[in-house]
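Enquirer: Could you work out the structure for the sequence below:
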Amino acid sequence: MNAEDVQRLIEENLEDADATVTHPRGADDEDHLAATVVSPAFEGVPLVQQHELVYDALGDHMTTDIHALELKTYTPEEYEERDEP
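Expert: Next up is the predicted model:
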């Protein structure tokens, strides 16, 4: 499954999500991905449950097509306030 497909699934299945999906440095295959996901659905939700929301958005692909997913999740406010570029 390619990065664009993963991004589309997240954005289609998670409330007002904006996702950026890439292949992390050193990953040789398409099964290893990194995603940054911004959604108001994460408001007041613990980090583990935020990640579960993303996994739910990806459905069975998390067990069949994606071997590893490095995940960063933010509310829109958290994303604006972060120190990263």
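
Enquirer: Helices of this structure, start to end?
Expert: Applying DSSP state H to the chain gives helices spanning 3-13, 47-58, 61-64, 76-81.

Enquirer: Go ahead and measure how far the first one is from the middle of the chain.
Expert: For helix 3-13, the distance from its own C-alpha centre to the chain's C-alpha centre is 8 Å (Cα atoms, centre = their mean, to the nearest Å).

Enquirer: still on that earlier bit, nearest to residue 38, of the helices of the chain?
Expert: Comparison of these against residue 38 by Cβ to Cβ identifies helix 76-81 as nearest, at 4.6 Å. Every C-beta, even on glycine, is put in place using the N, C-alpha and C of the backbone.

Enquirer: can you give me the offset of that closest one from its chain's centre?
Expert: Counting by Cα atoms, centre = their mean, helix 76-81 is centred 16 Å from the centre of its parent chain.

Enquirer: So what's the model's average confidence on that helix?
Expert: For helix 76-81, mean pLDDT is 94.

Enquirer: I am finished for the moment; much appreciated.
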